[in-house]
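Trainee: Structure, please.
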Amino acid sequence: MKENICTIPINDIFKMSDGCPICNMHNMLEEQYVEFITGSAMMAPDVRVVTNKKGFCHHHYEKMIKHGPRLSNALLLQTHLDEIRNAVFKEKSNTILSKSSLEYIDKLSTSCYVCDRIEHDIIHLLKTVFAQYGIDEEFRKLYKNQKYLCLEHFAFIMKNLNKKSIDKKYLSEFCDVTTSLCKNYINALYDDVTKFTTMFDYRNAGKDFENSKDSIERSVKFLTAKDIT
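Mentor: Below you'll find the model as predicted:
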């Protein structure tokens, strides 16, 4: 398997073969951006202009505060709060907010610099996944041997797949494999959750829960692409 600057991170993620590879991709990018935004990005005016406008979602504020320096977080909040002050509360008197100001606040509530960067980069990385599947036999084996694809990322892959993304010779195969990675896992989860429920029947008292023991947590992760913490 020949590697280059584009394929190395993809191969590393798929070689893990632990959980949903796109979830792992998301987690990798999230860690990088949380570290970047509270680190070197503090000195990057072009980045600060965007973060001042977009802000962050609650989830990423939590991660930034937990893992980043407090001064960095304070500086990010300072300029973001100032952006909001100037956009919404620039009038000296306490007048009723304009429709545009309310729309601005509404949009801000669903805006996040880190979320947007992650989605952008995952789409870019998926293009490499599609291309590699069409030209690299070893990568095709890696892809087929993944444990599963969570529901959200199964849909995300299929949504971003088109005939130009992959060698048409392998397009149908890729779709079949991708569907199987999601379908087979949801069927296994259903069996495990069903077994878990039956273990509370008095007739099964003392029996082994086997793989059903953590079926609730695994099902939530499959359905939401997030661990229960």
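
Trainee: Now tell me what touches stretch 147-154 from outside.
Mentor: Residues from elsewhere that reach stretch 147-154 (CB atoms under 8 Å, 6 or more residues apart in numbering): 17-23, 26, 157, 178-179, 181-182, 184-186, 221-225. Glycine gets a C-beta too; all of them are placed from N, C-alpha and C.

Trainee: Give me the buried stretch members for that stretch, please.
Mentor: Tyr148, Leu149, Cys150, Leu151, Glu152, His153, Phe154 (16 or more other CB atoms under 10 Å).

Trainee: Repeat that for stretch 40-58.
Mentor: Ala41, Met42, Val47, Arg48, Thr51, Asn52, Lys54, Gly55, Phe56, Cys57.

Trainee: So which residues of the chain form helices?
Mentor: Shown for the chain, the helices assigned by DSSP state H span residues 7-16, 21-37, 45-54, 58-67, 70-88, 99-108, 113-135, 137-144, 151-160, 168-198, 215-224.

Trainee: May I have the fifth one exported as CSV, CA atoms only?
Mentor: Only the C-alpha atoms of helix 70-88 are listed here, as CSV (Å, rounded to 0.1, in the frame of the first residue of the first chain):
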residue,chain,number,x,y,z
ARG,A,70,-7.9,29.6,30.8
LEU,A,71,-6.4,32.8,29.4
SER,A,72,-6.9,31.5,25.9
ASN,A,73,-10.5,30.8,26.6
ALA,A,74,-11.0,34.2,28.2
LEU,A,75,-9.5,36.0,25.2
LEU,A,76,-11.7,34.0,22.8
LEU,A,77,-14.8,34.9,24.9
GLN,A,78,-13.8,38.5,25.2
THR,A,79,-13.7,39.2,21.5
HIS,A,80,-16.7,37.0,20.8
LEU,A,81,-18.8,38.8,23.4
ASP,A,82,-17.7,42.1,21.9
GLU,A,83,-18.8,40.9,18.5
ILE,A,84,-22.3,40.2,19.9
ARG,A,85,-22.5,43.5,21.8
ASN,A,86,-21.8,45.4,18.6
ALA,A,87,-24.2,43.3,16.5
VAL,A,88,-27.1,43.3,18.9
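
Trainee: what's the closest non-adjacent residue to the spatially most central residue of the chain?
Mentor: In the chain, the residue lying closest to the centroid (CA atoms, centre = their mean) is His26, at 3.9 Å. Spatial nearest neighbour of His26, chain neighbours left out: Ile118 (6.0 Å); criterion: CB to CB, 6 or more residues apart in numbering.

Trainee: Quick check, the one you found in contact with Glu31.
Mentor: No. Contact criterion CB atoms under 8 Å: Ile118 and Glu31 do not qualify, at 10.4 Å.

Trainee: Compare those two and say which one has the larger neighbour count.
Mentor: Ile118 (20 against 12; other CB atoms under 10 Å).

Trainee: circling back to that earlier point, who touches the residue nearest to the centre of the chain in this structure?
Mentor: Ile118, Ile122, His153, Ala225 are the contacts of His26 under CB under 8 Å, 6+ apart.

Trainee: Show me which of these is closest to Lys164.
Mentor: Within these, the smallest distance to Lys164 is 18.3 Å, found for Ile122 (CB to CB).

Trainee: Nearest residue to that closest one in space, please, no chain neighbours.
Mentor: Met25 (5.9 Å).

Trainee: mind listing what that neighbour touches?
Mentor: Ile13, Ile122, Leu125.

Trainee: All set now, cheers.
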